[in-house]
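Student: coords below, sequence missing:
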Ligand SMILES: NC(=O)C1=CN([C@@H]2O[C@H](COP(=O)(O)OP(=O)(O)OC[C@H]3O[C@@H](n4cnc5c(N)ncnc54)[C@H](O)[C@@H]3O)[C@@H](O)[C@H]2O)C=CC1
Ligand SMILES: CC(C)CC(=O)C(=O)O
Ligand SMILES: [Mg+2]
């Protein structure tokens with residue numbers, strides 16, 4: 001992908017299944033409304049098919065045309081994919097987001113979690129208002145390496161293999177340290193925690209060693225280590241002490257849902273899947289079959305993922321207006337939640353997807369007026 005500065009950015013939009021489609025429709029409306037308010041570069045949002053329902057109808061989860069479009073686009077905006085009733089013959093699900101992570105080499109899964117004023121707190125401790133951390137999940141190896149390669153033998157034994165490589169661990173560790181350096185500019189200090197299981201597994205001891213080697217190149221950022229079970233405890237007991245964490249694929253998958261639970265649910269948990277050449281932006285949640293089709297999904301995580309996409313494009317193409325637009329979207333969402341007048345159903349309120357979307361779009365002009373002119377200190 002060229003890094004010259006275009007005036008129109010091609011975005012491949014993959015809504016997917018279930019509430020992925022619903023929150024994507026909301027996000028596209030928001031992004032289009034936001035770009036009408038400024039003179040920055042425009043996004044051209046083009047929809048492509050993929051997902052479990054596409055597989056059920058056509059026998060393929062990720063059509064070639066969609067993969068090509070994702071490769072060619074400046075960024076991919078992704079809803080959610082998968083449906084528990086739709087399965088491959090081996091019992092696993094068609095979940096093409098994993099194929100995209102491999103095909104586009106999206107090795108860093110960036111999953112920020114922060115508490116939003118106005119939303120009810122899950123933890124009673126006052127310090128829970130200070131929850132603001134980022135989980136960086138390695139996404140091209142780890143236990144997910146086993147996908148499609150697992151075995152069951154005649155003795156009734158099943159095996160899935162974990163892969164940890166020096167290259168994979170080094171690059172994701174460096175990514176986490178660079179992210180911590182950016183956050184240090186905003187917060188004054190930065191720490192990266194390596195989350196592993198180095199007390200038990202050779203592969204995890206290796207992960208820790210490679211992380212420690214990478215840390216030497218970032219003397220301005222402190223670092224420490226935690227076993228994944230202890231980290232699960234720390235995340236509940238004192239999550240306000242956490243800054244940046246880096247971990248293996250499967251651990252990151254599990255801890256990121258736990259992290260979302262700390263702020264009340266998946267609907268406020270965005271993510272970015274980032275590599276050296278491509279970026280894909282999606283909420284951390286799935287297709288939520290239990291509420292799909294009912295207009296109840298909280299689009300907050302999708303909105304925040306859209307803002308992460310704008311930040312990533314701004315950074316890559318040196319486009320401060322896109323960064324300003326990202327801040328405007330976040331400020332509009334914060335204003336809506338902070339007012340207390342509109343509360344997502346996920347948080348016990350009565351605002352469904354449409355009510356949330358309408359409210360955030362209506363809040364954009366006032367939010368835009370509060371954002372200082374670019375360049376800004378990026379929210380990391
Ligand atoms: N990145 C992706 O596309 C992901 C896909 N999946 C797939 O999604 C399907 C459902 O998986 P689950 O384990 O049920 O996880 P899920 O994340 O879809 O749902 C877990 C719980 O969170 C709620 N929830 C999730 N997002 C919400 C939102 N925006 N607003 C309000 N409530 C929300 C759901 O209603 C459900 O109670 C499966 O087929 C799974 O493979 C699961 C996780 C991630
Ligand atoms: C379908 C999943 C493997 C994806 C997922 O749970 C995630 O990205 O967090
Ligand atoms: Mg997950």
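Tutor: Received the coordinates, thanks. The shown structure was predicted, so the numbers you read here are calculated from the model rather than taken from an experiment. Ligands and ions are numbered 1, 2, ... in the order given.

Student: Now do the same contact list for the residue of the stretch 1-150 of the chain found nearest ligand 2.
Tutor: Nearest to ligand 2 in the stretch 1-150 of the chain, going by CB to the nearest ligand atom, is residue 95, at a distance of 4.0 Å. No exception for glycine: its C-beta is placed from N, CA and C like everyone else's. Contacts for residue 95 were tallied using CB atoms under 8 Å, 6 or more residues apart in numbering; they are 52, 61, 81, 82.

Student: In helices only, show me those residues.
Tutor: Using DSSP state H, the members of the contacts of residue 95 that fall in helices are residue 52.

Student: Go back to the contacts of residue 95 and keep what's next to ligand 1.
Tutor: Among the contacts of residue 95, the residues that sit close to ligand 1 (CB under 6 Å from any ligand atom) are 81, 82.

Student: what does the chain put close to ligand 1?
Tutor: 19, 23, 80-84, 93, 95, 97, 265-267, 282, 285-291, 297-298, 301, 346.

Student: switch to 5 Å and redo it
Tutor: Neighbours of ligand 1 within the chain, by CB under 5 Å from any ligand atom: 80-82, 84, 93, 266-267, 285-288, 290-291, 297-298, 346.

Student: Out of those, which sit inside strands?
Tutor: Among these, the members falling in strands (DSSP state E) are residue 80.

Student: Next, count neighbours for the residue nearest to residue 266 when sequence neighbours are not counted.
Tutor: If the residues on either side of it in the chain are set aside, residue 266 comes closest to residue 285, at 3.5 Å by CB to CB, 6 or more residues apart in numbering. Around residue 285 there are 26 other residues, counting by other CB atoms under 10 Å.

Student: Can you name the residues that contact residue 285?
Tutor: Per CB under 8 Å, 6+ apart, neighbours of residue 285: 19, 80, 260, 266, 267, 269, 301.

Student: In the residues you listed, find the pair that's most separated.
Tutor: Spatially, the most separated pair among the contacts of residue 285 is 19 and 260, at 14.5 Å (CB to CB).

Student: okay, the two: which has more neighbours?
Tutor: Legend: neighbour count by other CB under 10 Å for residue 19 and residue 260, higher for residue 19 (32 against 22).

Student: Can you give me the pLDDT of that one?
Tutor: Here the pLDDT value assigned to residue 19 is 98.

Student: so residue 168 sits in a strand?
Tutor: No: with DSSP: H, G, I helix; E, B strand; the rest coil as the criterion, residue 168 is located in helix rather than a strand.

Student: For the nearest residue to it once chain neighbours are set aside, give me phi and psi.
Tutor: Once flanking residues are discounted, residue 168 sits nearest to residue 141: 4.7 Å by CB to CB, 6+ apart. The phi/psi pair for residue 141 (degrees, to the nearest 10) reads phi -150, psi -130.

Student: pretty sure residue 141 is touching residue 166, no?
Tutor: No: with contact defined as CB atoms under 8 Å, residue 141 does not count as touching residue 166 (10.9 Å).

Student: So which of the two has more stuff around it?
Tutor: Taking other CB under 10 Å, residue 141 and residue 166 do not tie; residue 141 has more neighbours (21 against 12).

Student: residues in contact with that one?
Tutor: 163, 164, 165, 168, 249.

Student: by contact count, what packs against the helix or strand hosting residue 328?
Tutor: Element membership of residue 328 [criterion: DSSP states H and E] is helix 320-339. Counting contacts by 3 or more CB pairs under 8 Å, 6 or more residues apart in numbering; DSSP states H and E, helix 320-339 packs against helix 19-36, helix 300-317, helix 353-370.

Student: now these as CSV including distance to residue 133?
Tutor: Converted to CSV, those look like this (distance: least, CB to CB, whole Å):
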stretch, distance to residue 133
helix 19-36, 23
helix 300-317, 15
helix 353-370, 24
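
Student: Do stretch 147-158 and ligand 2 come into contact?
Tutor: No: judged by CB under 5 Å from any ligand atom, stretch 147-158 stays clear of ligand 2, getting no closer than 8.5 Å.

Student: Start and end of that stretch, how far apart?
Tutor: 13 Å (CA to CA, to the nearest Å).

Student: that older thread, of the residues of the chain next to ligand 1, buried ones?
Tutor: 80-82, 93, 266-267, 285-288, 291, 297-298, 346 (16 or more other CB atoms under 10 Å).

Student: coming back round to it: farthest-separated two in the contacts of residue 141?
Tutor: Checking those with CB to CB, the most distant pair is 165 and 249, at 12.1 Å.

Student: From residue 354, how far out is the residue of the stretch 1-150 of the chain found nearest ligand 1?
Tutor: In the stretch 1-150 of the chain, the residue found nearest to ligand 1 is residue 82; the distance is 2.9 Å by CB to the nearest ligand atom. Per CB to CB, to the nearest Å, residue 82 is found 24 Å from residue 354.

Student: Next: residue 119.
Tutor: Counting by CB to CB, the gap from residue 119 to residue 354 is 19 Å.

Student: Compare those two and say which one has the larger neighbour count.
Tutor: Applying other CB under 10 Å to residue 119 and residue 354 shows that residue 119 carries more neighbours, namely 22 against 14.

Student: okay but that one is in contact with residue 265, surely?
Tutor: No: in this structure residue 119 lies outside contact range of residue 265 using CB under 8 Å: 9.3 Å.

Student: Which residue, other than its chain neighbours, is closest to the residue in the stretch 201-350 of the chain that ligand 2 sits nearest to?
Tutor: Relative to ligand 2, the nearest point of the stretch 201-350 of the chain is residue 253 (4.9 Å; CB to the nearest ligand atom). In space, residue 253 comes closest to residue 137 once its chain neighbours are excluded; the distance is 6.8 Å by CB to CB, 6+ apart.

Student: Shouldn't that neighbour be within a helix?
Tutor: No: assigned with three-state DSSP, residue 137 falls outside any helix and is strand.
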